[in-house]
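A.B. asks: need coordinates for the following:
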Amino acid sequence: MKKFKLKSTLSLVVLSGLLISSVNAHPSMPLFEELNLSESQKHSLKAMRADSKENRSLIKAKRVEIKNLMQAGNIDAAAELAASMASDRVYKRSERMNEIKSILSPEQLATLKEGKGERTKHHAKNIFKKLRALDLTEAQKAQLKALKPQLKAGKEAAKAKRKEVINLAKAGNIDSAANLAADNARAMVYKRAELFQQLKGVLTEEQLQKLKNTKPKFRS
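C.D. replies: Residues are numbered from 1 along each chain as shown. Take a look at the predicted model:
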């Protein structure tokens, strides 16, 4: 579990999601109270919330499509769809930030940036946490343990690339950020496919099926 620093543009977008959710929640929510929104601002944010909800449904459907393509062995198609999703996400975030800036006052934006309201936490799903639920033998545990350094290195590389995407977006280089996000997502699909091939040499068919039924997330 990781807390993100809230001084970047994209962190402001994450917090804006909380803000949009809060407009339909109880008025005592800290973020809602702290920004002291006008009725007009609440109305504008409600409209954004409806659009965000529709976008989340589309993303969920595409994630299922990527999962199905990978399970069917169509790795190239899955990689291109993941890349397209990641690129679109960068543009959507940029649009959302511009909308938020047009709704909130400079003082409200500063309060949101400072993170005085509710902070969000991202829960990174760990492949080894999923594997522990598969009733592994001691031999399997030893084989999977040998894969850990490789996976850790991949995780650190992905983290660095996500940071690069954020920095590009902060600098206003949205096209470059979108292209890099697409490249990262494409590479992630191939890495997942490679990992699954390695796991096939370790796990039983029943264990592999259980692992397939988990829901992967593709981050930009």
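
A.B. asks: quick check: buried residues in the one helix or strand Glu156 maps to?
C.D. replies: In the assignment (DSSP states H and E), Glu156 maps to helix 138-170. Neighbour-count burial for helix 138-170, counted by 16 or more other CB atoms under 10 Å, picks out 140, 143-144, 147, 151, 154, 161-162, 165-166, 168-169. Every residue, glycine included, has its C-beta placed from N, CA and C.

A.B. asks: packing partners for the helix or strand following it?
C.D. replies: Downstream of helix 138-170, the next assigned helix or strand under DSSP H and E is helix 174-200. Applying 3 or more CB pairs under 8 Å, 6 or more residues apart in numbering; DSSP states H and E, one finds that helix 174-200 contacts helix 39-71, helix 75-103, helix 138-170, helix 205-212.

A.B. asks: rewinding a little: can I get the buried residues of helix 138-170 in JSON lines including pLDDT and distance to Leu69?
C.D. replies: What follows is these, written out as JSON lines (pLDDT from 0 to 100; distance: CB to CB, whole Å):
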{"residue": "Gln140", "pLDDT": "89", "distance to Leu69": "27"}
{"residue": "Gln143", "pLDDT": "88", "distance to Leu69": "27"}
{"residue": "Leu144", "pLDDT": "85", "distance to Leu69": "25"}
{"residue": "Leu147", "pLDDT": "84", "distance to Leu69": "24"}
{"residue": "Leu151", "pLDDT": "81", "distance to Leu69": "22"}
{"residue": "Gly154", "pLDDT": "83", "distance to Leu69": "21"}
{"residue": "Lys161", "pLDDT": "90", "distance to Leu69": "22"}
{"residue": "Arg162", "pLDDT": "89", "distance to Leu69": "23"}
{"residue": "Val165", "pLDDT": "92", "distance to Leu69": "23"}
{"residue": "Ile166", "pLDDT": "89", "distance to Leu69": "28"}
{"residue": "Leu168", "pLDDT": "91", "distance to Leu69": "28"}
{"residue": "Ala169", "pLDDT": "88", "distance to Leu69": "28"}
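
A.B. asks: with that, I have no additional questions.
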